[in-house]
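Enquirer: after the sequence you'll find the predicted model.
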Amino acid sequence: MIKKQNDIFKLDTKNTSYIFRVMNTGHLEQLYYGAFVSDNDGYDALYEKSEVEYANSVLYCKDSGVVSLEQLCLEISGVGRGDFREAAVDLTLDDGSYVTDFVFNSYKIYDGKREINGLPSSFGDCTTLEIQLEDTVIDAKLTLFYHVFEACDIITRHMTVTAGGKTLTLTRAMSAMMDFPRGNFKLMTLCGTWADEMQKNEIELKRGVFCNDSKLGVSSNQHNPFMLLSDKNASEKSGDCYGFNLVYSGNHCEMAEVSAQNRTRVLLGINPFHFSHRLNSGESFETPEAVMTFSSCGSEGVSHAFHKFIREHIVRGAWAKKQRPVLVNSWEANYFDFDEEKLVAQAKAAAALGAELYVLDDGWFGKRNDDKSSLGDWFVNLEKLPNGLDGLQRRFAEIPIKLGLWIEPEMVSVDSELYKLHPDWAVAVRGSHFTMGRNQLLLDITRGEVRDYIVDVITNALKTSRASYIKWDMNRNIAEVFWLCEEHNSDFYHRYTLGFYDLMRRITGAFPDVLFEGCSAGGNRFDLGVLCYMPQIWLSDNTDAHRRAALQQNASMCYPQSVMGAHVSACPCHQTGRTTSLETRFAVACSGVLGYELDVASLDNAQREAVSQQIRFYKENANLLQFGTIYPLSFEEFDGAQGWIIVAPNKEKAIVMLYQSTFVANRRSLVMRLEGLAKDKKYRFESIDKRETHTATGDLLCRAGVRLNQRVMLENGEEKVRVMGDYSALLYEITQMQP
Ligand code: GLA
């Protein structure tokens, strides 16, 4: 609900309120964002009080009383009128001047929202507030967009900058700015690297600027665009928390600045790093959409708001709410070493285990026998697959099992037919050596003819293979863009991102029933932009259950299980060398979109039986596991335990994943307090190995918790124990009992 009352704008969701006003100078003063407050006759209690001039500050203008922009919480800020904090907009006119002063002009409130030019954004029912600001001196306009998604407690923001009579160069255009009248926040971001994505990075904000950003050209595994800002005393389960994210897959930047006066400013949007966009008279620039939420119930409230929003307003298309198939992926089983017979044997074994889809990963095209060649040559390798992709598809249909295919459309290998034909299509500095990432170069997808070629050749491969699933990979970061500068030089990163969206729009649009999974060397482009086109993303190349348990739990701070690819792979783990049991690997992977990434044709009888059972269990519970509400479980540090519970919307069923790393002898019973169950329903609580069974009401399970069986390393004839050696996980089923 959006209300305008005199000079006040009030945006309400189910549990939150967002209030700002138009000051008599025309600036927008941010008054409040937090837990829902009822409507008031006036809101002057929230105004910044400024009767006395702060010494050494810059007054906005003599006639408007004591107004210093630096001493206010604002909705938007420019440069050069006395606000010395980080600006949301920065631009230069051709004469070199850069003072901006955007003030209120008009507003509109309406139902629904329109798309953002060339960029993905949220969809579905919402209410929109559009505010037009104007700077009459430089003759430019800013339009601020606010979209209110009431049921999800989400407000999204973005803006448009429009040049009037003068040409200007935008060097910063953030999507949202949020000022708080206080400091004392802590901040959490998700940082990492290849195979070690999504580590929690927690800091206490102090005066100065903290920046979480990517300059890699992709949203990156180094700094995911999600950011959690919380009260110092907030926790997972209680306290005031704000969540922010960006619907964007390129260079992004989330800043938190605590001013000298201890106000906090949050900015998020396209990274100003080498961003500059020229606007001729009448032209506009639209920023990506920023997403914000607030919860007074700790970070869990923020996670739940994001999960609901992502499921209902970001992920779209045929697969959005559909149960995802269990797949077997060929990569770690074969790497580049396979032929048709080997694939068919593995696909038969996969089908016999109950898998629904066999994904042929890298190596099926050109003469790609290692990662040094053939990217760009999306023609089947007839030495490996003499009957082509269509021949393979026919054999798969007989099994029957569906075929999935790996592609990496944005890349080219120097050793490829494509590079021979079009060396100028690569992003590289001519006449110098190339910087290589995994031996490959990027294609310049800012160019229409390059994108047309990619769309043609990929569409053709997908048509021939009749693939039901596509894994869209991207294995290097962007460097050497400056060669391609020319007239729009510093805008390359953004134009690359727009090119990527154009490719995704055209290719996914041509195959509406195909399930697409994003991938970028694992989670190097795990963001809301990709999720607007592809309903799931491969979270990490690291499939070690030990690391994955943390990785998945951290990722679920923002992203729901239905968007996370999670596989059971071979042991010892190819990324860490660690050995974990098949049960443990499954227990962790089944809380995502499940796959197997090992040679299923060479499993022994016991393993085959175990995997069949796992797949049966997963399929029976896939809707719950993929789309249920997930709650992280809290344990004392002493217990060294980690876990989560996923609860069905009707609360009739839930599944718990408990993970414990190294075994410690002689420990007391672990107390596991559940969450999300119906307090008055009676449940059966049972470990998947059936060694622990209890019946209890939801309130007992959630408030008092269960004292679990004692943990032992090896079984010694006792029945009622928890056999969990080093690095092990166990599943529990919680099922409502008939009254
Ligand atoms: C990337 C992906 C892997 C696999 C390989 C293939 O590293 O993350 O899952 O597809 O590429 O080359």
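Expert: Sure, I can see it.

Enquirer: any idea how far the residue positioned nearest the centre of the chain lies from the ligand?
Expert: Centroid check for the chain by CA atoms, centre = their mean gives residue 527 as the closest residue, at 3.3 Å. As for residue 527, its distance to the ligand is 16 Å (criterion: CB to the nearest ligand atom, to the nearest Å). Using the backbone N, CA and C atoms, a C-beta is placed for each residue, glycine as well.

Enquirer: any idea how far that residue lies from residue 249?
Expert: Residue 527 sits at a distance of 5 Å from residue 249 (criterion: CB to CB, to the nearest Å).

Enquirer: overlap in contacts, these two.
Expert: residue 219 (CB atoms under 8 Å, 6 or more residues apart in numbering).

Enquirer: so the residue nearest to the centre of the chain sits right up against residue 224, yeah?
Expert: Yes: using CB atoms under 8 Å, residue 527 makes contact with residue 224 at a distance of 7.1 Å.

Enquirer: which residues are contacting the helix or strand encompassing residue 694?
Expert: Remark: residue 694 resides in strand 693-697, with elements defined by DSSP states H and E. Strand 693-697 has contacts (CB under 8 Å, 6+ apart) with 679, 680, 681, 682, 683, 684, 685, 686, 687, 706, 737.

Enquirer: next, the buried residues of that strand.
Expert: 696, 697 (16 or more other CB atoms under 10 Å).

Enquirer: next one: it to chain centre, how far?
Expert: 37 Å (CA atoms, centre = their mean, to the nearest Å).

Enquirer: what's the burial count for the closest residue to residue 179 other than its chain neighbours?
Expert: Distances taken as CB to CB, 6 or more residues apart in numbering place residue 73 nearest to residue 179, at 3.6 Å, with adjacent residues excluded. Neighbour count of residue 73, defined by other CB atoms under 10 Å: 22.

Enquirer: check the one 10 residues further on too.
Expert: Applying the criterion other CB under 10 Å, we find 24 residues in the vicinity of residue 83.

Enquirer: just the pLDDT at it, thanks.
Expert: The confidence metric pLDDT takes the value 96 at residue 83.

Enquirer: likewise residue 433?
Expert: Looking at residue 433, its pLDDT is 81.

Enquirer: which SS state does it fall under?
Expert: coil (DSSP: H, G, I helix; E, B strand; the rest coil).

Enquirer: just use 35 as the starting number from now, easier for me
Expert: All set: I'll call the first residue 35, so the last point we hit is now residue 467.

Enquirer: could you check how far it is from the ligand?
Expert: In this view, residue 467 and the ligand are 24 Å apart by CB to the nearest ligand atom.

Enquirer: just residue 731 next, same as before
Expert: 44 Å.

Enquirer: quick one: pLDDT of that residue?
Expert: pLDDT, read off for residue 731, is 98.

Enquirer: run through the bridge partners of it.
Expert: residue 716 (DSSP bridges).

Enquirer: can you tell me the SS state at the residue in the chain positioned nearest to the ligand?
Expert: Of all residues in the chain, residue 396 sits closest to the ligand, at 3.5 Å by CB to the nearest ligand atom. Classification of residue 396 using three-state DSSP returns coil.

Enquirer: shouldn't it be in contact with residue 368?
Expert: No: the pair residue 396 / residue 368 is not scored as a contact, 9.4 Å apart, by CB under 8 Å.

Enquirer: neighbour-wise, which of these two wins?
Expert: Taking neighbours as other CB under 10 Å, residue 396 and residue 368 compare with residue 396 leading, 21 against 18.

Enquirer: any weak-confidence spans in this protein?
Expert: 516-524 (pLDDT under 70).

Enquirer: partners of the longest strand seen in the chain, with directions?
Expert: Looking across the chain with DSSP state E, the single longest strand is strand 202-214. In the sheet, strand 202-214 lines up against strand 123-127 (antiparallel), strand 298-304 (antiparallel), strand 311-313 (antiparallel) (DSSP bridges).

Enquirer: beyond the last one, next helix or strand please.
Expert: Spelled out, that is strand 311-313. Trace forward from strand 311-313 with DSSP H and E and the next one is strand 318-320.

Enquirer: off-centre distance for the next helix or strand after that next one?
Expert: Using DSSP H and E, the helix or strand that follows strand 318-320 towards the C-terminus is strand 324-329. Counting by CA atoms, centre = their mean, strand 324-329 is centred 14 Å from the centre of its parent chain.

Enquirer: cool, stretch 645-653 as well?
Expert: 28 Å.

Enquirer: cool, stretch 443-455 as well?
Expert: For stretch 443-455, the distance to the chain centre is 30 Å (CA atoms, centre = their mean).

Enquirer: contacts for that stretch?
Expert: Outside stretch 443-455, the residues touching it (CB under 8 Å, 6+ apart) are 400, 406-412, 459-460, 468, 473-477, 479, 488, 492, 506, 508-510, 534, 537, 541.

Enquirer: count of neighbours near residue 41?
Expert: 14.

Enquirer: how about the contacts made by the closest residue to it other than its chain neighbours?
Expert: Counting by CB to CB, 6+ apart, residue 41 lies nearest to residue 56, which is 4.4 Å off, once chain neighbours are set aside. Residue 56 makes contact with 41, 43, 62, 63, 138, according to CB under 8 Å, 6+ apart.

Enquirer: so which bits of the helix or strand where residue 530 lies are buried?
Expert: Using DSSP H and E, residue 530 sits within helix 526-544. Using 16+ other CB under 10 Å as the test for burial, helix 526-544 gives 526-538, 541-542.

Enquirer: which one (most neighbours) among the contacts of residue 56?
Expert: residue 62 (24 neighbours).

Enquirer: correct me, but it touches residue 108?
Expert: Yes: in this structure residue 62 lies within contact range of residue 108 using CB under 8 Å: 6.3 Å.

Enquirer: so residue 147 makes contact with residue 162?
Expert: Yes: contact criterion CB under 8 Å: residue 147 and residue 162 qualify, at 5.1 Å.

Enquirer: between these two, which is the more surrounded one?
Expert: Set residue 147 next to residue 162 and count neighbours by other CB under 10 Å: residue 147 wins out with 24 against 17.

Enquirer: so the more buried one sits in a helix?
Expert: No: according to three-state DSSP, residue 147 belongs to no helix; its state is coil.

Enquirer: how far off centre is the lengthiest helix in the chain?
Expert: Secondary structure assigned by DSSP state H gives helix 639-661 as the longest helix of the chain. Distance, stretch centre to chain centre, for helix 639-661: 26 Å (CA atoms, centre = their mean).

Enquirer: picking that back up, if the residue nearest to residue 41 is in a bridge, with which residues?
Expert: residue 62.

Enquirer: how about the residues of the stretch 285-434 of the chain by the ligand?
Expert: When proximity is defined by CB under 6 Å from any ligand atom, the stretch 285-434 of the chain lies next to the ligand at 365, 395, 396.

Enquirer: and the second one, what is it in contact with?
Expert: What that stands for is residue 395. 363, 364, 365, 368, 440, 505 are the contacts of residue 395 under CB under 8 Å, 6+ apart.

Enquirer: nearest residue to it other than its sequence neighbours?
Expert: Per CB to CB, 6+ apart, closest to residue 395 is residue 365, 3.8 Å.
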